[in-house]
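Engineer: coordinates only, sequence not included:
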């Protein structure tokens, strides 16, 4: 991951921005990463998001049982992630069934699990075993969810923009050679059939330099012409989404929904890097919320809204890599906002980025560990509980294609029970972003 270049800079300052933005008309979520040693307990986080913010969904980079359970009854939906290393097992019926029994059945529907992400940025790993098993794992996991009565839970996999080539201009973009037919055509066919989204991680931050900062932040700028369409783009984020759309359209799947799994802007980076402070982070996320919730869409996708997850909830001081990687957080460990973009239910004063190492609040009784490290996964998964039997209105002898169908709502009877066992499975977040 290359850090954007630039010159200049300045001291980070306290940002007190009290902005009135239009009420959200589509889902705005946040990525809840846990690679920090000063983060508040999951129960505290869940209660804070539910009671103090208008955020209505979170995305996890694993399926930590303490975090998943913490969101039970909050009204906040949760995207969980199956570990990259689980993909070969998930491609088998037995492995997928066991995963659902261990990682969905104990918590759903008390916790509203909205989507299971199969791995994270798998194409960037260059691991041919994982890549070859990715779409089969998605299919088999969806079939296992349907067989267990959880038809409403979607299945997808997040990808960086590294899946694309010729990304400028957007109209010329396509999926990488070899991956287009072998991976993305069957993946998009599966996503269409199951009414699930293509999940992409789109970061203007990773594509800007000092000269293109206004374009990345969607400030007034002369724009970038796409000679193929005659469209002049004044927002890099819109251009990135239209690049994904163009690649999908070349394969005949332009109707598949696009979900933005990650996007954001850091409050701190290398000394002297232009365009990084709480002010720019607030500016980008304020623009983002308005853009994805307005219903205006993009030049190639007019009148579309995009389910979007801002990266990230907290700074994560244990993450490797450049300074910026540890400083995307919207909130301090004491839950003070780093800046205000209108997601708080009550007016608040924001914190200085200099205070990002403030101690977390004391752990509440019964809330689980206050540290960010998830419990170690069980070495033997063979003892996982058996998947719940399908409801009476679900056939147990569906073909795989029938099992993948996600359009019909599940019956209340088939999604009514959640167990209490604590099974854990950690996953690693791929470091590559484009």
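Structural biologist: Structure received. Not measured: the values here are computed from a predicted model.

Engineer: Now residue 149, what are its backbone angles?
Structural biologist: The phi and psi values for residue 149, taken as degrees, to the nearest 10, are phi 100, psi 10.

Engineer: how many neighbours does it have?
Structural biologist: Other residues near residue 149 come to 24 when the count uses other Cβ atoms under 10 Å. Where C-beta positions appear, they are placed from N, C-alpha and C, glycine not excepted.

Engineer: Ok, residue 285 next?
Structural biologist: By the criterion of other Cβ under 10 Å, residue 285 has 22 neighbours.

Engineer: what ranges do the helices span in this protein?
Structural biologist: Taking DSSP state H to define them, one finds helices in the chain at 42-52, 65-70, 87-90, 93-103, 128-147, 179, 185-193, 213-216, 236-250, 278-293, 400-404.

Engineer: Would you single out the least confident of the ones you listed?
Structural biologist: Lowest mean pLDDT of these: helix 400-404, a mean of 52.

Engineer: Show me what counts as buried in stretch 233-250.
Structural biologist: 233, 235-249 (16 or more other Cβ atoms under 10 Å).

Engineer: right, and the helices of the chain - which one's nearest residue 322?
Structural biologist: When these are compared by Cβ to Cβ, helix 278-293 sits nearest residue 322, at 15.5 Å.

Engineer: which helices and strands sit right next to that closest one?
Structural biologist: strand 28-32, helix 236-250, strand 308-310 (3 or more Cβ pairs under 8 Å, 6 or more residues apart in numbering; DSSP states H and E).

Engineer: at 7 Å instead, please
Structural biologist: strand 308-310 (3 or more Cβ pairs under 7 Å, 6 or more residues apart in numbering; DSSP states H and E).

Engineer: Please work out which residues outside the strand it packs on touch it.
Structural biologist: 28-31, 59, 260-264, 285, 288, 292, 330 (Cβ atoms under 7 Å, 6 or more residues apart in numbering).

Engineer: Of the residues you listed, just the buried ones, PyMOL syntax please.
Structural biologist: Buried residues among these (16+ other Cβ under 10 Å), as a PyMOL selection:
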select buried, resi 28+29+30+31+59+260+261+262+263+264+285+288+292+330
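
Engineer: Tell me the one of the contacts of strand 308-310 nearest residue 182?
Structural biologist: Closest to residue 182, out of all of these and judged by Cβ to Cβ, is residue 261, at 22.1 Å.

Engineer: could you list every residue that touches the closest one?
Structural biologist: Residues near residue 261 by Cβ under 7 Å, 6+ apart: 59, 158, 199, 200, 201, 309.

Engineer: Against residue 247, how distant is residue 199?
Structural biologist: Residue 199 sits 14 Å away from residue 247, taking Cβ to Cβ, to the nearest Å as the criterion.

Engineer: To clarify, my last question referred to residue 107.
Structural biologist: Residue 107 is 35 Å from residue 247, by Cβ to Cβ.

Engineer: and if you look at residue 140?
Structural biologist: To residue 247, residue 140 is 25 Å away according to Cβ to Cβ.

Engineer: before we move on, back to that, the helices of the chain: which one's closest to residue 222?
Structural biologist: Per Cβ to Cβ, nearest to residue 222 of the helices of the chain: helix 213-216, 8.8 Å.

Engineer: residues in contact with the closest one?
Structural biologist: Among residues not part of helix 213-216, those counted as contacts by Cβ under 7 Å, 6+ apart are 204, 205, 207, 208, 220, 221, 224, 234, 236, 274, 275.

Engineer: what's the spacing between the last one and residue 282?
Structural biologist: Distance, residue 275 to residue 282, by Cβ to Cβ: 13 Å.

Engineer: cool, and the third one?
Structural biologist: The span separating residue 207 from residue 282 equals 20 Å under the rule Cβ to Cβ.

Engineer: List the buried residues for stretch 321-336?
Structural biologist: For stretch 321-336, the buried set under the neighbour-count rule, 16+ other Cβ under 10 Å, comprises 322, 324, 325, 326, 327, 328, 329, 330, 331, 332, 333, 335.

Engineer: Give me the residue at the spatial middle of this structure.
Structural biologist: residue 261 (3.0 Å; Cα atoms, centre = their mean).

Engineer: What segments of this protein are strands?
Structural biologist: Assigned by DSSP state E, the strands in the chain fall at 28-32, 57-60, 77-82, 113-118, 154-156, 158-160, 164-165, 174-175, 198-201, 224-226, 231-233, 258-263, 308-310.

Engineer: what's the angle from the first one to helix 42-52?
Structural biologist: Interaxial angle, strand 28-32 versus helix 42-52 (axes from the mean of the first three to the mean of the last three Cα atoms, to 10 degrees): 160 degrees.

Engineer: What helices and strands are in contact with strand 28-32?
Structural biologist: Using 3+ Cβ pairs under 7 Å, 6+ apart, strand 28-32 sits against strand 57-60, strand 308-310.

Engineer: In JSON lines: these, plus distance to residue 183 and mean pLDDT.
Structural biologist: Converted to JSON lines, those look like this (distance: least, Cβ to Cβ, whole Å; pLDDT from 0 to 100):
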{"stretch": "strand 57-60", "distance to residue 183": "22", "mean pLDDT": "98"}
{"stretch": "strand 308-310", "distance to residue 183": "23", "mean pLDDT": "98"}
